[in-house]
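In: Generate a structure from the sequence data that follows.
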Amino acid sequence: MSSQPTKTINTLLLLILDGATLVAAFLLAYALRVRLPFFIQIQPLGEYLTPALVLIVLSMVIFIQQGLYRDVRDLSMLEEYAKIIKALAYAFLLALGLTFFFKFYEKSRVLVLLYWLLAVVLITVARFVYYQTMKQLRARGWNQISVAVVGSEKKIKAVQDLLQKHAQLGYHVAATLVLPKAGPKQLRRLIDQEILARFQRREIEAVIVSDTVKNYQHLLEVNEIFDEYGIPHRHVSEAFDLVGFKASTVEGLEGLINSLAEGQVGGGKKVLKRFFDEVFAILIILLTSPLWVAIMLAIKLDSPGPVFFRQERIGYQGRKFLLYKFRSMFVETPKYAPTPRQQRDPRITRVGKFLRRMSLDELPQVLNVIKGDMSMVGPRPEMAFMLEKYKPIYRYRLLVLPGLTGLWQVSGRSEKPLEENIKYDLYYIKNQSLLLDLVIFLRTIPTVLFGRGAF
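Out: Below is the predicted model of the structure:
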């Protein structure tokens, strides 16, 4: 039986809970502000009702944008709490911006600060109580999601044991499917019979794909089929990370990797990384906006064709996305031609040579960062045909979001062979942290300014 009505009820309950909590936070903030002896007397409460309503609605809109009303079934809710703080921080900054933009200088900005602090505390507490209540109800069989688990026999058993042990996640395994190493046609036929049919009959609502990165090309085909059919699906690492499970794999490559766990950055750290990605991307757009205009004009004057170049790339867990660049080659050049390895390539325009040397052709990829397709720091995204040439170990690069810059880009970039670049990427995945991201990002600046290794 579908849990869609229950999901709707959950969403409505959360909306009511958040709305009531934000109202309580504002009233409590006003009561505290009135009693503060350090500032001038505040206006009557009635004069703040309209701004307060706008601020509360704005906060809830940002909650929606941050995905805080989706169905979450994690044992650790640290990621959700981090999202709450980030969403309220955005609302706080927007509120201050509106205060200055509309010249509401007579309104108390201290009140806005108090509201934000109390909203963070009260919303976090309210959400904690709600999440704990939901876990208890799910452990008793309420609000269950029927799922199918597909992949290798060993991993299917591991997922089943995990979900049975942690009943509060609320997953009921209604079907399993061991995927053979078959061609795309045979794979599609099997999924049609065993998964799609059950999904259409509403016997299952989602799929957990359970396999290792060693079979990534196989999993890529499976994910594409589920995407095409519109069947919600999660990769095994996402499911196991719900309870802190780490799936380790041992492989060689000159002894670089002894054990590489999936999802090194998770929970609150993952949200914090995403927050910094968004902030840096927005700052880059604001600071370089005049440069964008100059580049676009130069491209249009230099050669006929569009200003932007779009190309399909493979990102996190094999998901496809459109990567944006400033066009640096003539329009008749095939879209998926091999990347030029020398600056005198005749396919590159005059403006394109300068853009490539300064890496300015990649500037529009900050839009991919804002969309969530990429991070500021990570392995470079590859074209689909390149995956076929990957050794199994190379597919570890798909365990994290691709980046605008990365460790090998600031360590020589295109001057180094593929095997050397892979080592840098795998080192980053194994040791990634916000501090390492910051170091790489700062080192990118002189690398770009001096154009080392970029064609």
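In: so what's Thr333 scoring on pLDDT?
Out: Here the pLDDT value assigned to Thr333 is 83.
In: Pull the number of nearby residues for the closest residue to it other than its chain neighbours.
Out: Spatial nearest neighbour of Thr333, excluding adjacent residues (CB to CB, 6 or more residues apart in numbering): Arg347 at 4.6 Å. Glycine gets a C-beta too; all of them are placed from N, C-alpha and C. By the criterion of other CB atoms under 10 Å, Arg347 has 13 neighbours.
In: wouldn't Arg347 be in contact with Val331 here?
Out: No. With contact defined as CB atoms under 8 Å, Arg347 does not count as touching Val331 (10.4 Å).
In: before we move on, the earlier item: how close does the residue nearest to Thr333 sit to Leu88?
Out: 49 Å (CB to CB, to the nearest Å).
In: dump the residue contacts of Arg319.
Out: Going by CB atoms under 8 Å, 6 or more residues apart in numbering, Arg319 touches Asn223.
In: Quick check: it vs Asp277, distance?
Out: To Asp277, Arg319 is 17 Å away according to CB to CB.
In: Tell me which stretches of the stretch 351-455 of the chain form strands.
Out: Listed in chain order, the strands of the stretch 351-455 of the chain (DSSP state E, counting those that start in this stretch) span 375-377, 403-405.
In: The last one packs against which elements?
Out: Here strand 403-405 touches helix 365-371, strand 375-377, helix 434-450, going by 3 or more CB pairs under 8 Å, 6 or more residues apart in numbering; DSSP states H and E.
In: what lines up beside that strand in the sheet?
Out: strand 375-377 (parallel) (DSSP bridges).
In: how far does the partner strand sit from the chain's center?
Out: Taking CA atoms, centre = their mean, to the nearest Å, the mean C-alpha location of strand 375-377 is offset from the chain mean by 11 Å.
In: three-state assignment of Ala91?
Out: What DSSP: H, G, I helix; E, B strand; the rest coil gives for Ala91 is helix.
In: same thing with Val147?
Out: Classification of Val147 by three-state DSSP places it in strand.
In: again, but for Ala298
Out: helix.
In: So for it, what's the pLDDT?
Out: Per-residue confidence (pLDDT) for Ala298: 95.
In: so what's the closest residue to it other than its chain neighbours up against?
Out: Of all residues not flanking Ala298 in the chain, Val351 sits nearest, at 4.8 Å (CB to CB, 6+ apart). Listed by CB under 8 Å, 6+ apart, the contact partners of Val351 are Ile295, Ala298, Ile299, Asp302, Ser303, Ser328.
In: Repeat the analysis, applying 10 Å as the threshold.
Out: Under the criterion of CB atoms under 10 Å, 6 or more residues apart in numbering, the neighbours of Val351 are 295, 297-303, 326-328, 360-361.
In: and Gln193, how many residues sit next to it?
Out: Applying other CB under 10 Å, I find that Gln193 has 11 neighbouring residues.
In: Tally up the residues packed near Asp18, please.
Out: Asp18 has 23 neighbouring residues, counting by other CB under 10 Å.
In: hang on, isn't it packed against Met60?
Out: Yes. Proximity of Asp18 to Met60 meets the contact threshold set by CB atoms under 10 Å, at 5.9 Å.
In: Can I get whichever strand or helix holds Leu190 in PDB? Just the C-alpha atoms.
Out: Using DSSP states H and E, Leu190 sits within helix 184-191. Presented in PDB, the C-alpha positions along helix 184-191 are these (Å, rounded to 0.1, in the frame of the first residue of the first chain):
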ATOM      1  CA  PRO A 184      21.500  -3.500 -21.600                       C
ATOM      2  CA  LYS A 185      18.600  -5.200 -23.400                       C
ATOM      3  CA  GLN A 186      18.600  -8.200 -21.100                       C
ATOM      4  CA  LEU A 187      19.000  -6.000 -18.100                       C
ATOM      5  CA  ARG A 188      16.100  -3.800 -19.100                       C
ATOM      6  CA  ARG A 189      13.800  -6.800 -19.800                       C
ATOM      7  CA  LEU A 190      14.600  -8.200 -16.300                       C
ATOM      8  CA  ILE A 191      13.900  -4.800 -14.600                       C
END
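In: That one packs against which elements?
Out: Based on contacts counted as 3 or more CB pairs under 10 Å, 6 or more residues apart in numbering; DSSP states H and E, the elements that helix 184-191 packs against are strand 145-151, strand 171-178, helix 216-229.
In: Any idea which of these gets closest to Leu49?
Out: Across these, Leu49 has its closest neighbour in strand 145-151 (40.7 Å, CB to CB).
In: Partner strands of the closest one, with direction?
Out: Partners of strand 145-151 in the sheet, by DSSP bridges, are strand 171-178 (parallel), strand 206-210 (parallel).
In: separation between the closest residue to Arg443 other than its chain neighbours and Leu426?
Out: Using CB to CB, 6+ apart and skipping residues adjacent in sequence, the residue nearest Arg443 is Val410, 4.2 Å away. Distance, Val410 to Leu426, by CB to CB: 16 Å.
In: same check, this time on Val369
Out: Where Leu426 is concerned, Val369 sits at a distance of 22 Å (CB to CB).
In: again with Gln168
Out: 35 Å.
In: Likewise for Leu401?
Out: In terms of CB to CB, Leu401 sits 15 Å off from Leu426.
In: Need the pLDDT of the nearest residue to Gln317 once chain neighbours are set aside.
Out: Leaving aside its sequence neighbours, Gln317 sits nearest to His235 (CB to CB, 6+ apart; 5.2 Å). At His235, the model reports a pLDDT of 72.
In: same question, the one 5 residues further on
Out: Reading off the per-residue confidence, Phe240 sits at a pLDDT of 45.
In: just Leu122 next, same as before
Out: Model confidence at Leu122, given as pLDDT, is 94.
In: Show me which helix or strand of this protein is least confident by mean pLDDT.
Out: For the chain, counting by mean pLDDT, DSSP states H and E, strand 248-249 ranks last in confidence among helices and strands (a mean of 34).
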